[in-house]
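A.B. asks: Take this sequence and fold it.
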Amino acid sequence: MKTIKLADGRELVYELTRKNVRNINFRVKADGIVYVSAGRAVPAARIEELLSERAEYLLEAAARLREREERSEIGDTVRLFGREYPIRVISGARETALFDCGECRVFTKHGDDRAYIRQLVGRAVSERFLGLCRELNDEVRRELAEAGLVPPPTRVTIKDMSSRWGSCSYNRGHISINSRLAAYPRETVLSVFWHEYAHYWHHDHSARFYAFVERFCPEYQRWNGLLK
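C.D. replies: A predicted model of the protein is given here:
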C-alpha cells in the first residue's frame with residue numbers, strides 16, 4: 001500500500017499488483033483505495049504519474065461508492081401505506097423523521113449513525129400507523145352503530161406478530177393489529193379491522209362470517225388479498 005501526496009494536500013492511497021497485462025488498470029473502492037494492476041515492465045513512476053492525473057476522478061468515484069453503500073445500509077426507501085418513500089438525511093438540530101413532499105426526511109446531527117436513522121424512521125412510521133389505526137377503528141365502529149350493531153368497548157393494540165395480521169379476543173374486548181401492516185394500503189388495513197370486528201358476531205371463518213365482512217367492506221377480497 002502506497003500514498004501519493006497531491007498538490008492540494010489530499011492523499012491518494014493505492015495498492016499495486018504486477019500482472020501479465022498490457023494495460024494499466026485502475027479500480028477504486030468505497031474505502032478510497034485505488035487498486036492498480038500493471039505489467040512488470042511498467043515503471044512505478046509512470047503509474048504514479050497517471051494516478052496523479054486521474055486523482056480527482058478517482059476520489060469522486062470513491063465518494064459516490066461510499067454514499068451508495070451508506071444508502072443501502074440504512075435502506076434508501078421506506079414503505080408506508082402502500083407507497084415507497086425515498087429517505088433523505090438532512091443535517092439539523094431536530095432529531096426527527098417526517099413524511100413530506102413525497103419523501104421521508106430525516107433531520108439529525110448524527111447522519112453517520114445508520115442505526116439511529118433507522119430508529120427515527122421507524123418511530124415516524126409507528127406514529128403515522130397509530131394515527132391511521134385510530135381513524136379506522138372509529139370509522140368501523142361508527143358504521144356498525146349506524147347499522148344498529150353496537151360492538152362492546154374495545155381496546156385496540158398494535159404489535160409485531162409473526163403469523164397473523166390481526167386477532168380478536170371477543171371475550172375480553174381486545175383487538176390486536178400487526179404493526180407490519182403499516183407498509184400496506186389504507187384499504188388493506190381497513191379490511192383487517194373489519195375482519196377482526198366481525199368476530200364479535202361470528203367466531204369462526206364460515207360463509208356467514210365472510211358475508212358479514214363483505215356487507216360492510218365490499219372490496220374485502222381485493223384488498224385483503226394483498227396479504228396472501
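
A.B. asks: tell me which element the most centrally placed residue in the chain falls in.
C.D. replies: With distances taken as CA atoms, centre = their mean, the residue of the chain nearest its centroid is Val78 (2.9 Å). Using DSSP states H and E, the element containing Val78 is strand 77-80.

A.B. asks: what does that strand rub up against?
C.D. replies: The contact list for strand 77-80 (CB atoms under 8 Å, 6 or more residues apart in numbering) reads Glu84, Tyr85, Pro86, Ile87, Phe99, Cys104, Val121, Val125, Arg128, Phe129, Ala182, Ala183. C-betas here are computed from N, CA, C, even on glycine.

A.B. asks: go with 7 Å
C.D. replies: With contact meaning CB atoms under 7 Å, 6 or more residues apart in numbering, strand 77-80 is reached by Glu84, Tyr85, Pro86, Ile87, Phe99, Cys104, Val121, Val125, Arg128, Ala182, Ala183.

A.B. asks: Leaving out the residues flanking it, which one is nearest to Pro152?
C.D. replies: Counting by CB to CB, 6 or more residues apart in numbering, Pro152 lies nearest to Gly173, which is 4.8 Å off, once chain neighbours are set aside.

A.B. asks: Arg94 too?
C.D. replies: Here the residue nearest Arg94, using CB to CB, 6+ apart, is Phe107, at 4.2 Å.

A.B. asks: sorry, back to before: report the buried residues of the strand holding Val78.
C.D. replies: By neighbour count on 16 or more other CB atoms under 10 Å, the buried set for strand 77-80 is Val78, Leu80.

A.B. asks: before we move on, what about stretch 197-205?
C.D. replies: Quick answer for stretch 197-205 (16+ other CB under 10 Å): Tyr197, Ala198, His199, Tyr200, His202.

A.B. asks: got any ranges where this structure has weak pLDDT?
C.D. replies: Applying pLDDT under 70 to the chain flags residues 67-75.

A.B. asks: before we move on, the earlier item: may I have the one helix or strand the residue nearest to Arg94 maps to as CSV, with CA atoms only?
C.D. replies: Of the helices and strands defined by DSSP H and E, Phe107 is found in strand 103-108. Taking Å, rounded to 0.1, in the frame of the first residue of the first chain, the C-alpha atoms of strand 103-108 are listed here in CSV:
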residue,chain,number,x,y,z
GLU,A,103,-40.1,11.6,0.7
CYS,A,104,-39.1,10.6,4.2
ARG,A,105,-36.9,13.5,5.5
VAL,A,106,-34.7,12.6,8.5
PHE,A,107,-33.4,15.6,10.4
THR,A,108,-30.4,14.7,12.6
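
A.B. asks: what helices or strands is the following helix or strand past that strand leaning on?
C.D. replies: Using DSSP H and E, the helix or strand that follows strand 103-108 in sequence is helix 114-146. On a contact count with 3 or more CB pairs under 7 Å, 6 or more residues apart in numbering; DSSP states H and E, helix 114-146 meets helix 55-74, strand 77-80, strand 96-100, strand 103-108, strand 155-159, helix 186-198.

A.B. asks: How about the secondary structure of His203?
C.D. replies: Here His203 is coil, with the state taken from DSSP: H, G, I helix; E, B strand; the rest coil.

A.B. asks: Tell me which residues touch the nearest residue to it once chain neighbours are set aside, please.
C.D. replies: Among residues not flanking His203 along the chain, Tyr170 sits closest, at 6.7 Å (CB to CB, 6+ apart). Shown in contact with Tyr170 (CB under 7 Å, 6+ apart): His199, Tyr200, His203.

A.B. asks: Noted, bye for now.
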